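Participant: Structure of the sequence below:
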Amino acid sequence: MTQPFQLAVCAEMLWPEKAIDWRAARLTERGLGVGLWNYPDHDLTKLAAVGANYTIMNGYLEGRLADDEGADILLQSAYETAQIGKNLGVDRLNLHGTGLGDGGIPIWQHDVVDGPMWLKARDTLNRICDMAEAEGVVFTLENLNGLDHPGCPFGSTADVLALVSSINRPQLRINLDLYHTQIGEGDLARWCEKCLPWIGEVQVADNPGRCEPGTGEINYHGVANALDKLRYNGPVGMEAFALGDSDAAVDAFVNAFTLR
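Facilitator: Numbering: from 1, shown residues only. Predicted structure coming up:
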């Protein structure tokens, strides 16, 4: 049995009764990386003291890709977040097409993205790359599904791939969230292949329910083997709730991405 991937788990979604630094320490004890969401929710001093490998964190607090005002806000927010990320040693800072509000609902909803919005989004992401290069950090752009996040511009897997591949700079990678891809497009193995040159991280949860592998319809053993055949050996992060016990959910994730 082998584990060719760099496995990590989103600490915010498991052990809800425990403090976030306890969760980070628990995952670190298990030899796993630690994913985070919004840094203002946490005691950063305690998180730093854990000594965890923080693999990914939300890379902004506000802003948008496709309009002038939103882009300026995003650049400033991403710059400020990059400083926090560097202090924690975060590997990747995550972006979306627009900020997400309560329940993951996009703050700035657009069902139709026109040509000028595409051009502005590319310009904004190139500005992000310029800043990231100067700061020595890496950002990812995550795909989102339209059921959980209605009206999110540039949310589909296809749109994220089109943007990141057209910019094609090492400071911007794809956060390929296969839970969202399954709902939005399906055909997970082929999307992994299409996105492969630009993947910064693969994120997983089962569908429906957004819980650990084995609780829904996705064959994550098959996904793991497909990624291995593509010679992908990068980060795979579970961003999922536990259907029951959180430790058992982590076990299920590790088992799904252990090759036999």
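
Participant: those strands in the stretch 51-200 of the chain, which residues are they?
Facilitator: Per DSSP state E, counting those that start in this stretch, the stretch 51-200 of the chain carries strands over the ranges 54-58, 92-95, 139-142, 172-177, 199-204.

Participant: Remind me what the fourth one packs against, helices and strands.
Facilitator: Meaning strand 172-177. strand 92-95, helix 115-135, strand 139-142, helix 157-167, helix 188-195, strand 199-204 (3 or more C-beta pairs under 8 Å, 6 or more residues apart in numbering; DSSP states H and E). Heads up, the C-betas are built off the backbone N, CA and C, glycines and all.

Participant: Equivalent analysis for the third one, please.
Facilitator: Other helices and strands packing on strand 139-142, by 3+ C-beta pairs under 8 Å, 6+ apart, are strand 92-95, helix 115-135, helix 157-167, strand 172-177, strand 199-204.

Participant: let's see 6 Å
Facilitator: Applying 3 or more C-beta pairs under 6 Å, 6 or more residues apart in numbering; DSSP states H and E, one finds that strand 139-142 contacts strand 92-95, strand 172-177.

Participant: With the second one instead?
Facilitator: Of the remaining helices and strands, those touching strand 92-95 by 3+ C-beta pairs under 6 Å, 6+ apart are strand 54-58, strand 139-142.

Participant: which of these is buried the deepest?
Facilitator: Greatest average neighbour count among the helices and strands packed on strand 92-95 goes to strand 139-142 (a mean of 26), per mean count of other C-beta atoms under 10 Å.

Participant: which residues touch that one?
Facilitator: By C-beta atoms under 6 Å, 6 or more residues apart in numbering, the residues outside strand 139-142 that reach it are 59, 92-96, 128, 132, 160, 164, 172-173, 175, 177, 200.

Participant: cool, and stretch 237-256?
Facilitator: 8-10, 13-15, 35, 201, 203-205, 210-215, 220-221.

Participant: Compile the helices and strands packed on strand 139-142 into JSON lines and extend it with columns for distance to Ala71.
Facilitator: Below are the helices and strands packed on strand 139-142 laid out as JSON lines (distance: least, C-beta to C-beta, whole Å):
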{"stretch": "strand 92-95", "distance to Ala71": "12"}
{"stretch": "strand 172-177", "distance to Ala71": "15"}
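
Participant: Dump these to a markdown table, plus mean pLDDT, distance to Arg26 and mean neighbour count.
Facilitator: Formatted as a markdown table, the helices and strands packed on strand 139-142 follow (pLDDT from 0 to 100; distance: least, C-beta to C-beta, whole Å; neighbours: other C-beta atoms under 10 Å):
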| stretch | mean pLDDT | distance to Arg26 | mean neighbour count |
| --- | --- | --- | --- |
| strand 92-95 | 98 | 21 | 24 |
| strand 172-177 | 98 | 23 | 25 |
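
Participant: No further queries at this time; thank you.
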